[in-house]
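Asker: no FASTA, just this:
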């Protein structure tokens, strides 16, 4: 169907319809604009979400757990997904919205041109009709005037009283009006013929052509809408494969979570290298009881009697006292009657107990000489680095305050860093030497002697770094040697099962005084192996028991929260109440204890401290 033939008289309706079509196209363009704004905002929010949950960390803080690595992989895939949403918005902006807006402007201009042509054709037809109508009216008017003049002439011609001149004048007027009526008739016929021709041309040529152009324009608008509908869908269909890959990457990241690997990382991160506590030996308190001849069972007979040789009774006393001290690992030590325990005595001021060093007089001289030889040959001590660690002293250069496994890792890390620095210095030395050679070959480029101080400084730095590396490697080999020889010491301890079990002081001396148990931390033995019931005291060098908890000398309230990332520090929340167990020594740190029993150091400026009236002040370091 053609608008030119079917709608030849619907110019105004076609004008309204074409305007509605352009308005609809612009409405769809507005819809696409809002849709791409949603995509852009969605992509922006996704990127902000990824940025929020991607922590800013250094290389040393890189996560090693598979669950963390998988989560960061998911964040990366989500970031790529956000990028694809941005691609969708960009395609919609250029290929749909931009194209629609340009086409809308073209449609408006084309519609305006066609409507102007239609109005011009209609105006020309109206002009022809007016000319025809004017000639018609003139012809009608001239005919009426001719009829009047004819009636006047006939009246005068029949009137006997009228003069001849009057008759002649009326006759001339009649002839004139008749001639003018004939001319008007001819003009009216010509205008009518012209109007009919223009009207046929208007309704059969001009208007159909103009309406056909409007119809083509409206059809192209409809086709363009269909194309943009398809482009709207294709903008998102093109990114679906990439989005699918992003989702597959998220699924792969989820499958990469390995709970066993995470558990092994936890073990490697927090492994101390110490051996677990051993079994407690059986304490037979019935060997000193006198038995009658009839009560001679195997369980009541001393081991020395069964073997045919007397067994010293003092061994059981030493073993009993030693075992009693070992209960400090699982229970509280007996405390002195004073309100706060005295500070642990130093090695120079500790009196060496002698009153209970030797057995009672009932022991024979051989047993006394045996104890004397044991005191001279056996002097287990608490390592100095572990004493410092117990009181939270600052980190030492050789990391001796750390457990063996942690110390080995820290030393290895420092050696790697020093090797990197050494490599940088070596590269700088090589570069300076090359530059010096260039200056020697081309003196105009520079003075070779000016580089000598920098070369000397670089060589000096290299020597210092090599010295530091050698020193740290020595400490590392010492730690690894101790870890590898711990099993040998445990094996050699089994061969010395006849060594008497005595009470040890922190300085290596043995004492039999039970009243000093709350002053002297005791060493613990390794678990006995089958077939070797007695243990060697030499294996206690690297093991010691903790002292009883420090007394509370006050309390404090946290003014701010503290994360406690460093070793020896305590995590606290804002407004949390803690117990003070050691005052600030002037270094800005106060030792505190939580209600759960966890101890550590907190910044003094972060807490509000209230000291107890009976507090004795800070406890000194061991």
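Answerer: Ah, there it is. Please read all numbers here as calculations on a predicted model, not as lab measurements.
Asker: any weak-confidence spans in the chain?
Answerer: Where the chain drops to pLDDT under 70, the residues are 57-62, 290-396, 483-548, 613-622.
Asker: ranges for the strands of it?
Answerer: Using DSSP state E, the strands found in the chain span residues 503-504, 510-511, 554-558, 577-582, 589-593, 599-603, 607-611.
Asker: now residue 25. Nearest residue, chain neighbours left out?
Answerer: Once flanking residues are discounted, residue 25 sits nearest to residue 104: 5.4 Å by CB to CB, 6 or more residues apart in numbering. Any C-beta I mention is one placed from the backbone N, CA and C, and that applies to glycine too.
Asker: report the contact partners of residue 228.
Answerer: Going by CB atoms under 8 Å, 6 or more residues apart in numbering, residue 228 touches 28, 32, 96, 99-100.
Asker: farthest-apart pair in these, please.
Answerer: Of all pairs drawn from the contacts of residue 228, the one with the longest distance (CB to CB) is 28 and 99, at 11.4 Å.
Asker: follow-up on the earlier one: top of the contacts of residue 228 by neighbour count?
Answerer: Sorting these by how many neighbours each has (other CB atoms under 10 Å) puts residue 96 first, at 26 neighbours.
Asker: next one: that one from residue 210, what distance?
Answerer: Distance of residue 96 to residue 210, given as CB to CB, to the nearest Å: 31 Å.
Asker: same check, this time on residue 195
Answerer: Taking CB to CB, one finds residue 195 at 20 Å from residue 210.
Asker: neighbour count for the two, which is higher?
Answerer: Between residue 195 and residue 210, residue 210 has the larger neighbour count (other CB under 10 Å), namely 24 against 20.
Asker: I'd say the more buried one and residue 121 touch.
Answerer: Yes. Contact criterion CB atoms under 8 Å: residue 210 and residue 121 qualify, at 6.9 Å.
Asker: look up the closest residue to residue 95, ignoring the ones flanking it.
Answerer: Excluding the flanking residues, the one nearest residue 95 by CB to CB, 6+ apart is residue 231, at 5.0 Å.
Asker: show me how the chain divides into domains.
Answerer: As assigned by the TED database, the chain contains the domains 3-263, 404-481, 554-611.
Asker: tabulate those (a markdown table), appending distance to residue 274.
Answerer: Output for those, formatted as a markdown table (distance: least, CB to CB, whole Å):
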| stretch | distance to residue 274 |
| --- | --- |
| domain 3-263 | 20 |
| domain 404-481 | 7 |
| domain 554-611 | 16 |
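Asker: the ones you listed: which one's closest to residue 276?
Answerer: domain 404-481 (13.8 Å).
Asker: measure that closest one end to end?
Answerer: With CA to CA, to the nearest Å as the measure, domain 404-481 spans 11 Å from end to end.
Asker: what does stretch 249-266 give?
Answerer: Taking CA to CA, stretch 249-266 runs 26 Å from one end to the other.
Asker: would you indicate which residues of it are buried?
Answerer: 249-250, 253, 262 (16 or more other CB atoms under 10 Å).
Asker: show me the contacts for residue 221.
Answerer: Counted by CB under 8 Å, 6+ apart, residue 221 has contacts 21-22, 25, 103, 107.
Asker: which stretch among the domains of the chain comes nearest residue 285?
Answerer: domain 554-611 (33.2 Å).
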